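Engineer: My questions are about this predicted structure, shown below with the sequence.
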Amino acid sequence: MTSDNFLDLPPLLSARGTVTLPGSKSISNRVLLLAALSAGTTEVRDVLLSDDTERMLDGLRKLGVGVEQVESHVFRVTGCGGNFPNKEAELFLGNAGTAFRPLTAALALSGGHYTLSGVARMHERPIGDLVDALRALGANIDYLDNEGFPPLEIFPATLSDAARVSVRGDVSSQFLTALLMALPLLDREVTVEVAGELISKPYIEITLAMMKRFGVEVARDGWRSFTVAAGSRYVSPGTVYVEGDASSASYFLAAGAIGGGPLRIEGVGSESIQGDVRFADALALMGAQITMGPNWMEARGPESGKLKAIDLDCNHIPDAAMTLAVAALFAEGTTTLRNIASWRVKETDRIAAMATELRKVGATMEEGADYIRVTPPAHIRHAAIDTYDDHRMAMCFSLAAFGTEGMCINDPGCVAKTFPEYFSAFAGMTQAVPVIAIDGPSASGKGTVAQRVATALGMHYLDSGALYRLLGLAAQRRGVALDAEAQLAKLAGQIDIRFEGEDIWLDGVKVGDELRTEEAGSAASKVAALHQVRAALLAKQRAFRRAPGLVADGRDMASVVFPDSVLKIFLTASAEARAERRYKQLKEKGMSANIAALLQDIRARDERDTQRSAAPLQQAPGASLLDTTALNIEQAVAEVLARYRAKK
Ligand SMILES: Nc1ncnc2c1ncn2[C@@H]1O[C@H](COP(=O)(O)OP(=O)(O)OP(=O)(O)O)[C@@H](O)[C@H]1O
Ligand SMILES: Nc1ccn([C@@H]2O[C@H](COP(=O)(O)O)[C@@H](O)[C@H]2O)c(=O)n1
């Protein structure tokens, strides 16, 4: 169920299957830049296609680098040997930190005049520590707006002969990455000293590994200093394969752990150079069963059946740690994630965003400057999750749909930053609570059949017509006209409806046979024709979708309320057969009835239900017809069950 700006995920029951990951963002953008800085042509394969890599590719093209897309995920980059052909360019780099920081450093040392800008959030993300280090080397960089933040204007450097520069490591490891990648552009030995505790060390490992692949070996003293020797030059290795994205793997591993699995991820594994593969260790600490090979990982639910809380220093997995915060909703106890101060300067302030959104679903949250603490609620509430233009917020919160009510994700399109096809991949790996939708005209027997099918399968049952009947009844009791759309829609939001077995309660009072009269049916069909009323009752109907499954009967179950139903039946019978059934039904209840009048009522109701503009009664696309005119109840039930089994 999607619209342009939100995605309503149904409640999820399980997760299993095999997913092939898109290429790593961190590796894609590093390799593309190194290929551009090299001598020679590089074929880069399995490149991630996303907003962030598009920003890098676009930037390189504007700098005059030859970038040719040879296949969908394959680019041929003709390196410029450290000398960008275009000495004047304006680059817009969106919110791509992996493009902005390294390009700043490379351009600052490459003798041209450039401006670099991004989206508003990029202009709030600090870059002063990197600029200071570059200035120490002689770079000529101006802030165009706020001191210490993009946008930047870069002029040709007047290089100093500094042999040592210092850069802070405790704000973003991308500053060190950017400096190291640019240093081979200088023709001398330079040592970079790291000031403060270096965060996100695994990302530096990726940088060093990629530089080595392009022929530049960095000497190091632990995590304190790094030296690039004089005469270092990037040389194309010919072809480079980009690994699958380990941060993206975290959502699927967590889905396997929460939803039972087995869920296998291909494209990244024990031989990965990405630090985020260690997310799998954190998930194992929570009790998940993890297995892996060189290029794959697999997650299953815990043997005990329940994940458990952890207290973890997440410095080594800053991005994937966000996934742990949402997985904590499904763990016993309080989870604490520490050493995550870098979350505050990412796409959004991720500590604040995570705390706000987890509170919406009912979690008890505690947040500090560099930690977050999650205590799960007894019951995960359905909520509209804001995503703050942060792809990881959207992807993490998809996991919350494993709660009993599903989850609504606002602005799901923000995943395009790193994983444009995320939600379809996620849907392919997860199984929603199944719905069998049985629609049809009045007295066709859908209620009787749906109830029996639900009992046979141990599923829940929704009589959606009862909601419209109850609203009609409530309106009549309160003197609201049956065509007063706005008032009726408001009333629909106010009335308290409760189903207990055969009994139905309206505003705390049990409703009797009055609900089943043709008058109540007729009132229902009048209020049901109003768009605002239908919209007001939508969420109430969807809330019936609970594990292990739902059988729902009505007029628009398959077309509007549960369009992803696993089985859609359009159950009908001739108007005469239906009038006769209704006649018998009313007589059995000791109510008065006249078969000719019933036939007339049924025809009038059919006319209104099929001709209205709001969710008209129809055989929905994908629904199969079941005409029960010549079938008894048992035969009709058996037929629905047979069709369901055939679907499984
Ligand atoms: N296949 C069938 N053969 C004979 N009688 C049936 C059949 N299916 C249902 N009935 C009987 O028809 C009557 C009407 O059925 P039911 O109330 O289930 O219909 P419905 O489609 O849900 O109606 P409404 O939409 O008005 O609620 C019931 O008494 C039921 O027992
Ligand atoms: N999904 C639905 C269900 C019912 N209606 C309207 O309510 C009337 C009463 O329904 P019953 O199934 O209890 O007979 C019906 O005639 C419809 O007009 C609906 O619109 N959508």
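Structural biologist: Cool, the structure landed. Ligands and ions are numbered 1, 2, ... in the order given.
Engineer: now the stretch 201-350 of the chain, which segments are flagged as low pLDDT?
Structural biologist: Applying pLDDT under 70 to the stretch 201-350 of the chain picks out no residues at all.
Engineer: could you show me where the helices are in it, in order?
Structural biologist: 201-213, 246-259, 279-285, 321-327, 350-360 (DSSP state H, counting those that start in this stretch).
Engineer: now for the longest one, which elements pack on it?
Structural biologist: Looking back up the chat, that one is helix 246-259. If contacts are counted by 3 or more CB pairs under 8 Å, 6 or more residues apart in numbering; DSSP states H and E, helix 246-259 sits against strand 12-20, strand 260-266, helix 279-285, strand 296-300, helix 321-327, helix 391-398, helix 422-429, strand 430-432. C-beta coordinates here come from the backbone N, C-alpha and C atoms, glycine included.
Engineer: Show me which residues of the chain sit near ligand 2.
Structural biologist: Within reach of ligand 2 by CB under 6 Å from any ligand atom, the chain has these residues: 442, 464-465, 468-469, 521, 524-525, 528, 554-556, 605, 609.
Engineer: what's near enough to touch residue 624?
Structural biologist: Counting by CB atoms under 8 Å, 6 or more residues apart in numbering, residue 624 makes contact with 568, 569, 570, 643.
Engineer: which one of the helices of the stretch 201-350 of the chain lies closest to residue 180?
Structural biologist: Residue 180 lies closest, by CB to CB, to one member of the helices of the stretch 201-350 of the chain: helix 201-213, at 5.8 Å.
Engineer: Can you give me the first-to-last residue distance of stretch 385-392?
Structural biologist: Terminal residues of stretch 385-392 are spaced 12 Å apart (CA to CA, to the nearest Å).
Engineer: Residues contacting that stretch, please?
Structural biologist: 95, 119, 121, 247, 319, 322-323, 346-348, 350, 353, 356-357, 360-361, 393-394, 397, 400, 407-412, 414-419, 422.
Engineer: Just the buried ones from these?
Structural biologist: Among those, those buried by neighbour count (16 or more other CB atoms under 10 Å) are 95, 119, 247, 319, 322-323, 346-348, 350, 353, 357, 360-361, 393-394, 397, 400, 407-412, 414-419, 422.
Engineer: pLDDT on stretch 600-618, on average?
Structural biologist: Stretch 600-618 shows an average pLDDT of 90 in the prediction.
Engineer: same deal with stretch 553-560?
Structural biologist: For stretch 553-560, mean pLDDT rounds to 95.
Engineer: can you start the count at 537 instead of 1 from here on
Structural biologist: Taking 537 as the first residue, the last one we looked at is stretch 1089-1096.
Engineer: Kindly export that stretch (C-alpha atoms) in CSV.
Structural biologist: Extracted C-alpha coordinates of stretch 1089-1096, given in CSV (Å, rounded to 0.1, in the frame of the first residue of the first chain):
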residue,chain,number,x,y,z
ASP,A,1089,-15.6,-10.1,3.9
GLY,A,1090,-17.2,-7.1,2.3
ARG,A,1091,-17.4,-5.2,-0.9
ASP,A,1092,-13.9,-3.7,-1.4
MET,A,1093,-11.7,-6.1,0.7
ALA,A,1094,-9.7,-7.2,-2.4
SER,A,1095,-9.7,-3.9,-4.2
VAL,A,1096,-9.1,-1.2,-1.5
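Engineer: So for it, what gets flagged as buried?
Structural biologist: Going by neighbour count (16+ other CB under 10 Å), the buried part of stretch 1089-1096 is 1089, 1090, 1091, 1092, 1093, 1094, 1095, 1096.
Engineer: I'd assumed the last one was in a helix, is it?
Structural biologist: By that I understand residue 1096. Yes. Counting by DSSP: H, G, I helix; E, B strand; the rest coil, residue 1096 is part of a helix.
Engineer: coming back round to it: so which of the residues of the chain next to ligand 2 is surrounded by the most neighbours?
Structural biologist: Among the residues of the chain next to ligand 2, residue 1090 has the most neighbours (other CB atoms under 10 Å), with 28 neighbours.
Engineer: Which residue comes closest to that residue once chain neighbours are left out?
Structural biologist: Using CB to CB, 6 or more residues apart in numbering and skipping residues adjacent in sequence, the residue nearest residue 1090 is residue 1000, 3.4 Å away.
Engineer: wait, the one you found sits on residue 1087?
Structural biologist: No. Between residue 1000 and residue 1087 there is no contact under CB atoms under 8 Å: 11.1 Å.
Engineer: Adjacent strands (with direction) for the strand or helix carrying residue 613?
Structural biologist: Following DSSP states H and E, one finds residue 613 within strand 610-614. Using DSSP bridges, the strands paired with strand 610-614 in its sheet are strand 577-581 (antiparallel), strand 602-607 (antiparallel).
Engineer: what's the distance between that strand and the middle of its chain?
Structural biologist: 31 Å (CA atoms, centre = their mean, to the nearest Å).
Engineer: which of the residues in the next helix or strand after that strand are buried?
Structural biologist: Later in the chain than strand 610-614, the nearest helix or strand by DSSP H and E is strand 624-628. Residues of strand 624-628 classed as buried by neighbour count (16+ other CB under 10 Å): 625, 627.
Engineer: Next, the contact list for the residue nearest to residue 886 when sequence neighbours are not counted, please.
Structural biologist: In space, and not counting its chain neighbours, residue 886 is closest to residue 879: 3.6 Å by CB to CB, 6+ apart. Counting by CB under 8 Å, 6+ apart, residue 879 makes contact with 854, 857, 858, 885, 886, 887, 890, 908.
Engineer: try residue 1040
Structural biologist: Counted by CB under 8 Å, 6+ apart, residue 1040 has contacts 1002, 1006, 1033, 1034, 1046, 1047, 1051.
Engineer: I am finished for the moment; much appreciated.
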